[in-house]
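Peer 1: what's the 3D shape of this:
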Amino acid sequence: MADDIDIDTLLSRESAQLARDREIARILATHPLDAYAMLDLLPGCPAGDIKAQYRRKSLLIHPDKTTNPDAPTAFDQLKKAQDELLDDKKRGILDSVFSDARRLVMRSKGWGVDHPDVDGKEFVKEWRVMVGKMLEEDKGRREKLAKAQMQAEGRERERAEREVEERKRKREMEKKWEDTRDERISNWRDFKKGGGKKKKAKTNVLG
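Peer 2: Have a look, this model is predicted:
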């Protein structure tokens, strides 16, 4: 009897670990920008479902409950997905992507909203693939925009630095002009004392 209990316990533990490993692998294979897929949800779910799903999955893959080395990474991604879906602005942006992707898939098939296979397993699979493509395209656009902004900021910094150097140069010239003021006045006075003209050197006339 004791041996049977030990075997049952071992099998139960192995089954639990297998479930954890599968969920960790699923999360890591999911598109990192698709928070719905990360939590295995679809748009339209209430906030309560998001929190409940996160709690179930986070308890399943918690790093303290498994020796899987990828658990911390999967756990962090799961937490990030929940935070994004509980942020109205971020969720709204993701919902727009899902909505556009849904229309594109339906259009490619020539389906209307009343088609019997809409939201079927295969449709959802294609839908998620399209979402992934659109998220990647959006990521590329944002990276390109960020790069352009960085370049613009760099040019602005260079312009500002040139202006600073120009102002510095002008201040140095003004200071130099002011520092030599007494010398210029003295030279002018000497010039006036001499009749305002420089004496010409006498030249010997031959013959």
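Peer 1: burial count for residue 33?
Peer 2: By other C-beta atoms under 10 Å, 18 other residues sit near residue 33. Glycine gets a C-beta too; all of them are placed from N, C-alpha and C.
Peer 1: which SS state does it fall under?
Peer 2: The three-state label given to residue 33 by DSSP: H, G, I helix; E, B strand; the rest coil is coil.
Peer 1: in contact with it, which residues?
Peer 2: Residues counted as contacts of residue 33 (C-beta atoms under 8 Å, 6 or more residues apart in numbering) are 132, 135-136, 139.
Peer 1: next: residue 102.
Peer 2: By C-beta under 8 Å, 6+ apart, the contact set of residue 102 is 127, 130.
Peer 1: dump the helix or strand containing it to PDB, restricted to CA.
Peer 2: According to DSSP states H and E, residue 102 maps onto helix 88-109. Output of helix 88-109 as PDB, limited to C-alpha atoms (Å, rounded to 0.1, in the frame of the first residue of the first chain):
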ATOM      1  CA  ASP A  88      -6.900  50.700 -20.800                       C
ATOM      2  CA  LYS A  89      -4.700  52.700 -23.300                       C
ATOM      3  CA  LYS A  90      -2.400  49.800 -24.100                       C
ATOM      4  CA  ARG A  91      -5.300  47.300 -24.300                       C
ATOM      5  CA  GLY A  92      -7.100  49.700 -26.600                       C
ATOM      6  CA  ILE A  93      -4.200  49.700 -29.000                       C
ATOM      7  CA  LEU A  94      -3.900  45.900 -29.000                       C
ATOM      8  CA  ASP A  95      -7.700  45.600 -29.500                       C
ATOM      9  CA  SER A  96      -7.400  47.800 -32.600                       C
ATOM     10  CA  VAL A  97      -4.800  45.500 -34.000                       C
ATOM     11  CA  PHE A  98      -6.900  42.400 -33.300                       C
ATOM     12  CA  SER A  99      -9.900  44.100 -35.000                       C
ATOM     13  CA  ASP A 100      -8.000  45.000 -38.100                       C
ATOM     14  CA  ALA A 101      -6.400  41.500 -38.300                       C
ATOM     15  CA  ARG A 102      -9.900  39.900 -38.000                       C
ATOM     16  CA  ARG A 103     -11.200  42.000 -40.900                       C
ATOM     17  CA  LEU A 104      -8.200  41.100 -43.000                       C
ATOM     18  CA  VAL A 105      -8.500  37.400 -42.500                       C
ATOM     19  CA  MET A 106     -12.300  37.500 -43.100                       C
ATOM     20  CA  ARG A 107     -11.700  39.600 -46.300                       C
ATOM     21  CA  SER A 108      -9.100  37.100 -47.500                       C
ATOM     22  CA  LYS A 109     -11.600  34.300 -47.200                       C
END
